[in-house]
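**Q** Please find the sequence and the predicted model below.
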Amino acid sequence: MDVKKRKATVPWIMMMMFILLFSGNFSGCSQAASQRPNKKKSTHPKAASGFGSSVLFPVTGNVYPLGYYSIWLAIGQPPKVFEFDIDTGSDITWVQCDAPCTGCTKPVDQLYKPDKNILVPCNHPSCGAVHFPESPRCEKPDDQCDFEVDYVDHGSVMGVVVNDFFSLRLMNGSLIRPLLTFGCAYNLQNPGPYPPPSTAGVVGLGNGKASILSQLQSFGLTRNVLGHCLSGKGGGFLFLGDDLVPSGIAWLPVSAESKHYLSSPAELLFGGKPTGIKDLKVVFDSGSSYTYFCSRVYKALLDLVSRGLNRKPLNSVQDKALPVCWKGKKPFKSVHDVRNYFSSLTLSFTNTGNIQLQLQPEAYLIVTEHGNACLGILNGTEAGLEDSNIIGDISLLDKMVIYDNEKQQIGWASANCDRLPKS
């Protein structure tokens, strides 16, 4: 289907396991003792009473060398499965689609094929949610709703907003098929030095009304809560809903005025000692592989790290993986080989009961294919983030991270992310 290709900018800041889950025979998701699996399919978007349950997804990927974590979603009638990069730093979910497509990275037979009758009109509330806080730019109310996402690496995605059925297996055994709003992307631009992820699209898990999570809550299917547990060994899991939220988590309030998971001010500690860097606000963003600090903070931290390596058996080395790297007397096999040479970092959120995010060396270093240790914290100002600070996947590994949009808070705790949890 050909669609009219206009631009309307959306603001932005920066299989096998799936098939088992989809089939309902997934052993890692046991049923509650008092519930029997409901194998009857339902297209009705409202649970019988209250919220339905949670949705659990196996996650694939890693920080290095892939640079992303992903899940699989089934869309359409009949359902077709697509791989999505998980991104808590944006709201809109989009998939490469044959409309036709310019710049798509997938073959035509692996693209989403939209029908004309699923286009969202410009005057529909869903279009307003996609464009919020701005308004859609429409010549006529019944024009198609367009979208564009501009990324800080100068890449962009353009497309049209559509509605279609998503097939989701709840943890109580029910298969639901809600009609959700998302983006059909027909123009992808990637002028940056690095190739884009090999995924078919991005699932936006921010706290805006356009996110898949907010839509599921509006249908009474899940709580507006999500969590992810990304393994340092690769893989992990993600869930929508609150069934798997553990007790005993210390919660950090996030800004109610931001579309992103923006923290209250924090102080940066190095090796447990104050650095003088205070009032540091950070965004928690699973769509970023690495952590970014604004130039002032980055340069101060790099100086502290460098001075901490004096008289250590490490030397600076050039590595194409990242800007700042070190080599040892022999190639390193893992971060565990080099962790004792580096100090821990701590973000202490002083206005909220001194809640702390501890970053051990494993949470800010990688070991490359050449056996070098590289700093997984980058200069955000040089990357186009201006004064923003991003906590990316590398600093969230082996932690259960919970985003509670209903209470506007985020929490985390150390966890084993190598195995899927049981309900």
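**A** Sure thing, it's come through. Bear in mind the structure is a predicted one, so any value in this text is a computation, not a measurement.
**Q** Where do the domain boundaries of this structure fall?
**A** As assigned by automatic domain parsing, the chain contains the domains 9-240, 250-414.
**Q** Determine how far the longest one lies from the middle of the whole chain.
**A** Centroid displacement of domain 9-240 relative to its chain, using Cα atoms, centre = their mean, to the nearest Å, is 11 Å.
**Q** just so I have it, where are all the helices in the stretch 201-350 of the chain?
**A** Assigned by DSSP state H, counting those that start in this stretch, the stretch 201-350 of the chain shows helices spanning 212-218, 295-308.
**Q** ok so, going back, compare the domains of the chain and give me the one nearest residue 422.
**A** domain 9-240 (4.6 Å; Cβ to Cβ). C-beta coordinates here come from the backbone N, C-alpha and C atoms, glycine included.
**Q** longest strand anywhere in this protein?
**A** strand 156-169 (DSSP state E).
**Q** elements contacting that strand?
**A** helix 16-23, strand 68-75, helix 125-131, strand 146-150, strand 175-176, strand 179-189 (3 or more Cβ pairs under 8 Å, 6 or more residues apart in numbering; DSSP states H and E).
**Q** What confidence value was assigned to the most far-flung residue of the chain relative to its centre?
**A** Farthest-out residue of the chain from its mean C-alpha position, per Cα atoms, centre = their mean: residue 311, at 38.7 Å. Note for residue 311: predicted pLDDT of 92.
**Q** so how far is residue 51 from it?
**A** Distance from residue 311 to residue 51, counting by Cβ to Cβ, to the nearest Å: 57 Å.
**Q** again with residue 295
**A** 44 Å.
**Q** what does residue 87 give?
**A** Look at residue 87 and residue 51: by Cβ to Cβ, they are 24 Å apart.
**Q** more neighbours, those two?
**A** The residue with more neighbours, out of residue 87 and residue 51, is residue 87; 24 against 18, by other Cβ atoms under 10 Å.
**Q** That one and residue 204 touch, don't they?
**A** Yes. Using Cβ atoms under 8 Å, residue 87 is in contact with residue 204, at 5.7 Å.
**Q** picking up where we left off before, least confident of the helices and strands packed on strand 156-169, on average?
**A** helix 16-23 (a mean of 37).
**Q** can the helices of the stretch 201-350 of the chain go into CSV with extra columns for mean pLDDT, distance to residue 157 and mean neighbour count?
**A** As requested, the helices of the stretch 201-350 of the chain are arranged in CSV below (pLDDT from 0 to 100; distance: least, Cβ to Cβ, whole Å; neighbours: other Cβ atoms under 10 Å):
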stretch, mean pLDDT, distance to residue 157, mean neighbour count
helix 212-218, 96, 16, 22
helix 295-308, 97, 28, 16
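**Q** Columns distance to residue 143 on top of those, output as JSON lines?
**A** Shown next, in JSON lines, are the helices of the stretch 201-350 of the chain (distance: least, Cβ to Cβ, whole Å):
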{"stretch": "helix 212-218", "distance to residue 143": "22"}
{"stretch": "helix 295-308", "distance to residue 143": "42"}
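**Q** Out of those helices, which is closest to residue 287?
**A** Of those, the one closest to residue 287 (Cβ to Cβ) turns out to be helix 212-218, at 14.0 Å.
**Q** From the contact counts, what lies against the closest one?
**A** strand 179-189, strand 236-240.
**Q** Dump these into TSV; add distance to residue 255 and mean neighbour count as well.
**A** Below are the helices and strands packed on helix 212-218 laid out as TSV (distance: least, Cβ to Cβ, whole Å; neighbours: other Cβ atoms under 10 Å):
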stretch	distance to residue 255	mean neighbour count
strand 179-189	25	23
strand 236-240	22	26
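**Q** Now for residue 165: which residues touch it?
**A** 43, 75-77, 79, 177-180 (Cβ atoms under 8 Å, 6 or more residues apart in numbering).
**Q** let's see 10 Å
**A** Contacts for residue 165 (Cβ atoms under 10 Å, 6 or more residues apart in numbering) come out as 43, 45, 74-79, 118, 176-180.
**Q** what's the answer for residue 369, then?
**A** 64-65, 319-321, 331.
**Q** likewise residue 318?
**A** Contacts of residue 318 by Cβ under 10 Å, 6+ apart are 324-325, 327, 370, 372.
**Q** Skipping adjacent residues, who's closest to the residue nearest in space to the middle of the chain in space?
**A** Among the residues of the chain, the one closest to the centroid is residue 87, at 2.3 Å (Cα atoms, centre = their mean). Distances taken as Cβ to Cβ, 6 or more residues apart in numbering place residue 287 nearest to residue 87, at 3.1 Å, with adjacent residues excluded.
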